[in-house]
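Peer 1: Just need the structure, nothing else, for what follows:
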Amino acid sequence: MNALIRLEVTRTLRNKKFMFFSVVYPSVIYLLISGTQNTTDRIPHTDLTFQAFFMVSMASFGALTAVLMGNSERIAKEREKGWVRQLRLTALPSRGYVLAKIAGAAVVTLPCIVVVFLVGAAVKNVRVETWQWLALTGVIWAGSLVFAALGVAIGYLASGDAVRPITMIIYFGLSILGGLWMPSATFPQWLQNISEWLPTHAYASLGQAIEMGGAPHGKDVAVLCAYFLLFTGGAALLYRKDTLKA
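Peer 2: Got it, this is the predicted structure:
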């Protein structure tokens, strides 16, 4: 399993186009969105400026982009090319395959998060304490593993031409409804009630709590842990099911 993890990490780092897109894209979106907002206005029910709010949201969105889009499409292509069929001939357990894919995808998220933070500090003058920068990086990176597992599951749920539209629907649906593109406090109440149980809402809330000087809320941590177990278990189940069909 360790050898496969090293292989996945190496393959990810060698994909220069994917790395460039994953690192630059969220920073550009952050500049575009935050550039339309007043620098003194605050997010409803918080002390966060729009620039600070969107810095965490776009860092989370960028990490989501890297692990979800990258994993689902790559796995679907590997199934078509027969790479996964070769792995089935080894003694690799299903959990080992899923963990290797999650680890490989997680490598991309760290530079993505750091670049958004650098842009926020240098261009948008976002200021927090040193411990907050470190904590923000840690929780956003760790939280991205939830969506890396979801990407693996989608890669086995769909294949060929179907994987991209399915991934895009889930990707934008979770991003918008989870409050990454706009504060969920601006949603109608019925939509806020749905949003607070989505993994993307809990994901963004981790960083926002730290930005405001506190600790992540227990509910948000519990929601993400539950989704991680659900997505990881689903990915392993789909991998085994695909193995039995071969």
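
Peer 1: would you say Trp181 is within a helix?
Peer 2: No. Per DSSP: H, G, I helix; E, B strand; the rest coil, Trp181 lies outside any helix segment and is coil.

Peer 1: Just the pLDDT for it.
Peer 2: Looking at Trp181, its pLDDT reads 86.

Peer 1: The helix or strand Glu73 falls within: which residues count as buried?
Peer 2: Element membership for Glu73, per DSSP states H and E: helix 70-81. Using 16 or more other C-beta atoms under 10 Å as the test for burial, helix 70-81 gives Gly70, Asn71, Ser72, Glu73, Arg74, Ile75, Ala76, Glu78, Arg79. All C-beta atoms are positioned from the backbone trio N, CA, C, and that covers glycine.

Peer 1: The fourth one - nearest residue in space that isn't next to it in sequence?
Peer 2: Distances taken as C-beta to C-beta, 6 or more residues apart in numbering put Val163 closest to Glu73, at 5.8 Å, once the chain neighbours are dropped.

Peer 1: Now do that neighbour: how many residues are near it, please.
Peer 2: Using other C-beta atoms under 10 Å, Val163 has 22 neighbouring residues.

Peer 1: Pull the contacting residues for it.
Peer 2: If you count contacts by C-beta atoms under 8 Å, 6 or more residues apart in numbering, Val163 has them with Ser72, Glu73, Ala76, Ile154, Gly155.

Peer 1: if we can go back for a sec, distance to Met58 for the buried residues of helix 70-81 - can I get that in TSV?
Peer 2: As requested, these are exported to TSV (distance: C-beta to C-beta, whole Å):
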residue	distance to Met58
Gly70	17
Asn71	20
Ser72	21
Glu73	22
Arg74	23
Ile75	26
Ala76	27
Glu78	29
Arg79	32
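
Peer 1: which one among the residues you listed gets closest to Ala236?
Peer 2: Ranked by distance to Ala236 (C-beta to C-beta), the buried residues of helix 70-81 are led by Ile75 at 13.0 Å.

Peer 1: ok, that closest one to Ser159 distance?
Peer 2: 9 Å (C-beta to C-beta, to the nearest Å).

Peer 1: Can you tell me the number of residues neighbouring Ala226?
Peer 2: Neighbours around Ala226, by other C-beta under 10 Å: 14.

Peer 1: Asp220 versus that one, what's the distance?
Peer 2: Look at Ala226 and Asp220: by C-beta to C-beta, they are 11 Å apart.

Peer 1: The spatially most central residue of the chain - nearest residue in space that isn't next to it in sequence?
Peer 2: The centre of the chain sits closest to Leu64, judged by C-alpha atoms, centre = their mean, with a distance of 2.2 Å. Residue nearest to Leu64 in three dimensions, not counting chain neighbours: Phe147, with 5.1 Å by C-beta to C-beta, 6+ apart.

Peer 1: and that neighbour, how many residues sit next to it?
Peer 2: 32.

Peer 1: circling back to that earlier point, so the residue nearest to the centre of the chain touches Gly173, yeah?
Peer 2: No. Between Leu64 and Gly173 there is no contact under C-beta atoms under 8 Å: 11.7 Å.

Peer 1: buried stuff in stretch 47-61?
Peer 2: Residues of stretch 47-61 classed as buried: 48-61 (neighbour count, 16+ other C-beta under 10 Å).

Peer 1: now it: mean pLDDT?
Peer 2: On average, stretch 47-61 scores 87.

Peer 1: That stretch: how far from the chain's middle?
Peer 2: Put simply, stretch 47-61 sits 15 Å off its chain's centre (C-alpha atoms, centre = their mean, to the nearest Å).
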